[in-house]
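**Student:** Predicted structure and sequence below. I'll ask about it afterward.
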Amino acid sequence: MKTGLYFGSFNPIHIGHLIIANHILNETALQEIWFVISPQNPFKVSSTLLNEYDRLFLVQRSIENDPRLKASDIEFSLSKPSYTSTTLAYLREKYPTREFSVVMGSDSFQNISKWHNYRAIVDHYPIIIYLRPGFPVENTVNASIHIMQAPMLDISATHIRTLLKEGKSIKYLVPEAAELEIIKSRFFKNQKK
Ligand SMILES: Nc1ncnc2c1ncn2[C@@H]1O[C@H](COP(=O)(O)OP(=O)(O)OP(=O)(O)O)[C@@H](O)[C@H]1O
Ligand SMILES: O=C(O)c1ccc[n+]([C@@H]2O[C@H](COP(=O)([O-])O)[C@@H](O)[C@H]2O)c1
């Protein structure tokens, strides 16, 4: 099984992520994509982070009718912050017959040489990079990369959190099932941003 791993904080997941996942499944040989929810990105502050189980639940609700997409909580039991190289080593041991690729935006790839043990990632896993405006791929760090164009929506989880904090609607920015959960549980309502 050819599986793409799409790592993120997903705080919360939004349609930008889902459109990318669908596009990559349409345009590559990948058969499925796993959204790997990172409890703690090594580069991000945690004060705005919703509990990881709530973020996982929102991902699950968003993808529940699409068998090609899965939500992974694999990083919940690994050490924090969430280093992608550690997770990949763990996944390879746990699923020896799966062929994993890593899916990331060109914004993330620009920084990859600053990631913990990044050679363990780029030397052993194909990387599917979707181009984000303003972030060209200039240094390929000798990785096995597949660069693709992708439909871009100018949405971010940060913007969604701001709307919620201001009591504004997030309709159509996240799947309806996730929107209902966010409103019901008052997620992101009382956060700083
Ligand atoms: N609108 C978008 N279209 C395509 N990719 C996106 C979009 N928003 C985020 N991504 C990418 O998806 C991955 C996971 O995203 P992440 O969970 O950080 O969402 P985010 O919206 O960028 O969050 P935040 O605003 O909190 O930084 C990252 O690699 C990020 O670059
Ligand atoms: O392994 C690292 O050193 C590393 C450094 C920066 C980011 N990452 C991962 O990249 C993913 C994207 O993060 P985010 O918060 O932008 O969605 C997330 O899973 C992080 O854990 C990983």
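**Tutor:** Sure thing, it's come through. All of these numbers come straight from a predicted model, not from anything done at the bench. Numbers count the residues shown, from 1 in each chain. Ligands and ions are numbered 1, 2, ... in the order given.
**Student:** Find the centremost residue of the chain, please.
**Tutor:** With distances taken as C-alpha atoms, centre = their mean, G8 lies nearest the centre of the chain, 3.1 Å away.
**Student:** Now do it against ligand 1, distance only.
**Tutor:** Separation of G8 from ligand 1 (C-beta to the nearest ligand atom, to the nearest Å): 3 Å. Quick note: C-beta positions are derived from backbone N, CA and C, even for glycine.
**Student:** can you pull the contacts of that residue?
**Tutor:** 17, 35-38 (C-beta atoms under 8 Å, 6 or more residues apart in numbering).
**Student:** pretty sure F35 is in a strand, no?
**Tutor:** Yes. Residue state for F35 (DSSP: H, G, I helix; E, B strand; the rest coil) corresponds to a strand.
**Student:** How about the contacts made by the closest residue to E179 other than its chain neighbours?
**Tutor:** Spatial nearest neighbour of E179, chain neighbours left out: I170 (5.9 Å); criterion: C-beta to C-beta, 6 or more residues apart in numbering. If you count contacts by C-beta under 8 Å, 6+ apart, I170 has them with 160, 163-164, 179, 182.
**Student:** where does the most far-flung residue of the chain relative to its centre land in three-state SS?
**Tutor:** The outermost residue of the chain relative to its centre, with distances by C-alpha atoms, centre = their mean, is G167 at 25.7 Å. Under the three-state scheme (three-state DSSP), G167 adopts coil.
**Student:** Before we move on, what's the pLDDT of it?
**Tutor:** If you check G167, the pLDDT there is 95.
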